[in-house]
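[1] fold the following.
(one chain, ligands or ions: 1)
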Amino acid sequence: MTFRASVLPVLIAGLTACSSPATTPAPVAAPVTPAGPAEAEITAARIAAHTRMLSSDLFEGRGPATRGGDLATSYLATQLALAGIAPAGDNGTYFQQVPVVESTVDRGFSLSVAGRTFKYLDDVVAFSGVEDPTVTVKGEVVFVGHGIVAPEQKWNDYAGVDVKGKWVLIMVNDPPAPSSEPDLFGGKALTYYGRWTYKFEEAARQGAAGALLIHTDESATYPWQVVQSSWTGTQYSLPPEPGTPALGVKAWIADTAAKDLVTKAGRSLDALRSSASMRGFTAVPLGITATATLKQVSARKQSPNVVGVLKGVNEGQAVVFTSHWDHFGTRAAAPTDPPNVDRIFNGAYDNASGCGAVLTIAQAMARAGAKPARSIYFVFTTAEEAGLLGSEFFAQHPPLPMGQVAANINIDEANPLGRTKDIALLGSDRSSLGAMLTAIAKERGRTVGHDAHPERGYFFRSDHFPLAKAGVPALSLTEPEDFEGPNAAALKAKQAAYNDKDYHQPSDQFDESWDFSGAADDMKLLAALARRIAAEPALPAYNVGDQFAQKRAK
Ligand SMILES: [Zn+2]
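    Next up is the predicted model:
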């Protein structure tokens, strides 16, 4: 550790005071400040202290728009203030208020096509992209295959067809990669074009009024019952942005019902599907009209992202850390509950630990002896569990243009099980951030892990993703594989047991035996990486041909 010029006046002032009369109390010398992030302050104990606090029963499971959620956001804002991080939310506060629409669809939803009425739940489930209490969509049905517009793959399922005000019938997943093009749509890996969220987004961009996603067990990797249960009850969304097209009806249709619908048009769904899996497919207007009426009860709530900034030399560009503070709150008592049942979803690992880790990084970066070259934002997002809503809102309403955000580092869950050789970040194979990460890991005698399941599309399911979609190169911390020491196998087993038993359950609670020494190593590395990204002359970029490269290129 070396003294830097900027701290010398403080030290000299201290020396001068020492020579003054004995009645004057000697001022406390300012602590020595290092040039980079004050890594020595990134400790397991600090991460544990924040995690213990945020996951205590006092915070009642940190549900958005609840008392416990308000306590959690107050704690985060207070800690940022104490660390000397400036507010960067609304009106000079640490809070960026996020509007959240809660809506419940009436079970009387109906869809009829050419004399047949499809049954809600058995054949179809639906939600709306608008807030009106009654939504009616009537129009021709157009089969659009996979519903993908991917310029970098030279693929456009909407080419030459006008779907404005109509229904689109869409297949989920990516088109299969033929042997002549083994890397088409990522080969075996799932690209974002394959995700159901993309299908609805693209259909809305094309001006469709309603969209029907065809469910098959195979393509969705889960049975129709999962669609039924996860698409009924209350759903959460952001209100549509003014001037942005929205779907009146977003629906899933069971495979057998979709086959029947296509038969009404004198076609075969299997034949349409096989033509849609090959290059050169063109969308097929089915010449039949579908009518749906959806009634819903919706209400708006508000819950904040907590946003702070450590200003850089260049305040017009930034590196952004994200970590979600919300979890599921406390569930209502049920008559079948055993006495003293635990109803609080403490979310200690998911994601009090991530918040504790980012707070610890913020404090260490604020204690650096010199400003970072670009600003560093610390964003604690809301409503992640409801569908990445806080980070989506942040990406739509950023404090600086998304094109000026050098990178996003997302921390979903800090490893509480001890030191590891590897550090694994989703997205490291997609952009120039990967090489920077590998270099810094190597300097520290560590290795970079890889996404073990690219076919599951985990990159599209955490808070960094809305920023990635906006063109920001992003990394998201994921589980390590390579624990150190003689207990490595037992620690891996403990990690697996958490995923089986405690994930999204009230039993995800702070455990006094947790060891955040591995998390501290990771956070030191990520703080140093952020500082280095902030200092790179050029902004990081997605690899050529990556789906998210286009946005920034524009
Ligand atoms: Zn979660």
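
[2] for the rest of this, base every contact and every neighbour count on C-alpha atoms.
    Noted.

[3] okay, stretch 151-165 in CSV with CA atoms only?
    Backbone C-alpha positions of stretch 151-165 (Å, rounded to 0.1, in the frame of the first residue of the first chain) are rendered in CSV as follows:
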residue,chain,number,x,y,z
PRO,A,151,-31.2,-9.9,-38.8
GLU,A,152,-27.8,-11.4,-37.8
GLN,A,153,-29.2,-14.9,-38.6
LYS,A,154,-30.9,-13.6,-41.8
TRP,A,155,-34.2,-14.9,-40.5
ASN,A,156,-37.6,-13.1,-40.5
ASP,A,157,-40.8,-15.0,-39.8
TYR,A,158,-42.8,-11.8,-40.3
ALA,A,159,-41.4,-11.0,-43.8
GLY,A,160,-44.1,-10.1,-46.3
VAL,A,161,-47.0,-10.4,-44.0
ASP,A,162,-49.1,-7.8,-42.2
VAL,A,163,-50.3,-8.8,-38.8
LYS,A,164,-51.6,-5.4,-37.6
GLY,A,165,-54.7,-5.9,-35.5
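
[4] what's the average pLDDT for it?
    Taken as a whole, stretch 151-165 carries a mean pLDDT of 96.

[5] low-confidence ranges in the stretch 201-350 of the chain?
    Counting by pLDDT under 70, the stretch 201-350 of the chain shows no low-confidence range.

[6] quick one, helices of it?
    Taking DSSP state H, counting those that start in this stretch as the criterion, the stretch 201-350 of the chain carries its helices at 217-220, 224-230, 255-264, 269-276.

[7] list the buried residues of stretch 415-430.
    Along stretch 415-430, the positions that meet the burial threshold by neighbour count (16 or more other C-alpha atoms under 10 Å) are 415-428, 430.

[8] list the contacts of residue 329.
    60-64, 66, 68-69, 344-346 (C-alpha atoms under 8 Å, 6 or more residues apart in numbering).

[9] 6 Å instead?
    60-63, 345 (C-alpha atoms under 6 Å, 6 or more residues apart in numbering).

[10] of those residues, which belong to strands?
    The strands in this structure, assigned by DSSP state E, contain none of the contacts of residue 329.

[11] ok, and what's touching stretch 277-284?
    With C-alpha under 6 Å, 6+ apart as the test, stretch 277-284 has contacts from 142-144, 175.

[12] cutoff 8 Å now
    Counting by C-alpha under 8 Å, 6+ apart, 142-146, 155, 157-161, 175-176, 275-276 sit against stretch 277-284.

[13] likewise for stretch 245-259?
    Judged by C-alpha under 8 Å, 6+ apart, the contacts made with stretch 245-259 from elsewhere in the structure are 118, 122-130, 135-137, 200, 203-205, 207-216, 224, 227, 240, 268-270, 292, 294.

[14] can I take it that residue 176 is in a strand?
    No: inclusion of residue 176 in a strand is not indicated when DSSP: H, G, I helix; E, B strand; the rest coil is applied; the result is coil.

[15] list the residues that contact the nearest residue to residue 479 once chain neighbours are set aside.
    Closest residue to residue 479 in three dimensions, ignoring its sequence neighbours and counting by C-alpha to C-alpha, 6 or more residues apart in numbering: residue 424, at 6.5 Å. Under the criterion of C-alpha under 8 Å, 6+ apart, the neighbours of residue 424 are 448-451, 477-480.

[16] at 6 Å what do you get?
    Contacts of residue 424 were listed using C-alpha under 6 Å, 6+ apart, and they are 448-450, 478, 480.

[17] and these, which is closest to residue 529?
    Relative to residue 529, the closest of the contacts of residue 424 is residue 448; by C-alpha to C-alpha it sits at 13.3 Å.

[18] quickly list what that closest one is bridged to.
    Beta-bridge pairing of residue 448, defined through DSSP bridges, involves residue 423.

[19] tell me the confidence at it?
    According to the per-residue confidence, residue 448 scores 97 in pLDDT.

[20] what is the burial count for residue 490?
    Here the neighbour count serves as a burial measure; for residue 490 (other C-alpha atoms under 10 Å) it reads 11.

[21] repeat that for the one 5 residues further on.
    The burial metric for residue 495, expressed as a neighbour count using other C-alpha under 10 Å, is 17.

[22] quick revisit: tell me which two in the contacts of residue 424 are the farthest apart.
    Between all members of the contacts of residue 424, the longest pairwise span (C-alpha to C-alpha) is found for 448 and 478 and amounts to 11.1 Å.

[23] how close does residue 71 sit to residue 65?
    Look at residue 71 and residue 65: by C-alpha to C-alpha, to the nearest Å, they are 10 Å apart.

[24] follow-up on the earlier one: from residue 430, how far off is the residue nearest to residue 479?
    As judged by C-alpha to C-alpha, residue 424 and residue 430 stand 13 Å apart.

[25] same question, residue 314
    When distances are taken as C-alpha to C-alpha, residue 314 and residue 430 turn out to be 26 Å apart.

[26] give me the buried entries from the contacts of stretch 277-284.
    142-146, 155, 157-158, 175-176, 276.

[27] can you pull out the helices in the stretch 1-150 of the chain?
    Listed in chain order, the helices found in the stretch 1-150 of the chain under DSSP H, counting those that start in this stretch are 8-18, 44-54, 67-83.

[28] and these, which is most packed in?
    With neighbours defined as mean count of other C-alpha atoms under 10 Å, the helices of the stretch 1-150 of the chain peak in mean count at helix 44-54, which reaches a mean of 22.

[29] in terms of secondary structure, what does that helix contact?
    Identification of packing neighbours for helix 44-54 by 3 or more C-alpha pairs under 6 Å, 6 or more residues apart in numbering; DSSP states H and E yields helix 353-366.

[30] quick one: the helix it packs on to helix 67-83, angle?
    Relative orientation of helix 353-366 versus helix 67-83 (axes from the mean of the first three to the mean of the last three C-alpha atoms, to 10 degrees): 20 degrees.

[31] and the angle from helix 353-366 to helix 44-54?
    Using the same axes, to 10 degrees: helix 353-366 against helix 44-54 is 130 degrees.

[32] not counting helix 353-366 itself, show me its contacts.
    Contacts of helix 353-366 (C-alpha under 6 Å, 6+ apart): 37-38, 41-42, 47, 50-51, 83, 323, 411-414.

[33] could I get those residues as CSV with distance to residue 353?
    CSV is the format used below for the contacts of helix 353-366 (distance: C-alpha to C-alpha, whole Å):
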residue, distance to residue 353
37, 20
38, 20
41, 17
42, 14
47, 7
50, 8
51, 5
83, 18
323, 9
411, 9
412, 8
413, 5
414, 5
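
[34] the more surrounded of residue 448 and residue 478?
    Neighbours of residue 448 and residue 478, each counted by other C-alpha under 10 Å, are more numerous for residue 478; the result is 21 against 18.

[35] for that one, what are its contacts?
    For residue 478, the contacting residues are 424-425, taking C-alpha under 6 Å, 6+ apart as the criterion.

[36] report the separation between it and residue 485.
    In this structure, residue 478 and residue 485 are 20 Å apart, going by C-alpha to C-alpha.

[37] so residue 382 sits right up against residue 390, yeah?
    Yes: in this structure, residue 382 sits in contact with residue 390. The criterion is C-alpha atoms under 6 Å, and the distance is 4.6 Å.
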